[in-house]
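>>> Quick one: sequence and predicted model below, then my questions.
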Amino acid sequence: MQYWLLKSEPDEWSWTDQVAIGERGEPWTGVRNYQARNYMQQMRVGDLGFFYHSGKVRSVVGIVEVIKSYEPDPTDPTGKFGMVTVKTRCSLTPVSLSWIKEHSMLQMMKLNKQPRLSVQPVTKA
């Protein structure tokens, strides 16, 4: 199993929206960065990911599970990018970016090194 962090602007797709979808899950569309795309191609059914609110909130707010592997993103007219489908696993007490940055055990997270990357791996540790 692999672990991920998936970022979303709460005004576009919030944790509340994700929870409301329920078991059927939601396609993670709209990713237009090649490195994020490459990470999504590595995702497998059963992988878990932190759901991260970007923008003003900047917090991990929940955990999602990949329920459908990488496939073409119908919102991409170029056909270069794809998506995975994720469902809600559980809500978390928000963990802020400032808290993550303050804790030495989390300093190696890509979130600290590539804060703009919308999909990124997370180690088990």
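Received the coordinates, thanks.
>>> count of neighbours near Val64?
If you count neighbours by other Cβ atoms under 10 Å, Val64 ends up with 24. Quick note: C-beta positions are derived from backbone N, CA and C, even for glycine.
>>> Pull the contacting residues for the closest residue to it other than its chain neighbours.
Spatial nearest neighbour of Val64, excluding adjacent residues (Cβ to Cβ, 6 or more residues apart in numbering): Val86 at 4.0 Å. When contacts are counted by Cβ atoms under 8 Å, 6 or more residues apart in numbering, Val86 touches Leu6, Gln18, Gly25, Glu26, Trp28, Gly49, Val64, Glu65, Val66, Ile67.
>>> neighbouring contacts of the host helix or strand of Leu111?
For Leu111, the host element (DSSP states H and E) is helix 110-113. With contacts defined as Cβ under 8 Å, 6+ apart, helix 110-113 is touched by Leu5, Tyr52, Leu97, Ile100, Lys101, Leu106, Leu117, Gln120, Pro121, Val122.
>>> Among the residues you listed, which ones are in helices?
Here DSSP state H is the test, and the contacts of helix 110-113 give Leu97, Ile100, Lys101 as lying in helices.
>>> As a markdown table, the residues you listed with distance to Asn38 and pLDDT would be great.
Listed next are these as a markdown table, based on distance: Cβ to Cβ, whole Å; pLDDT from 0 to 100:
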| residue | distance to Asn38 | pLDDT |
| --- | --- | --- |
| Leu97 | 24 | 95 |
| Ile100 | 23 | 93 |
| Lys101 | 25 | 92 |
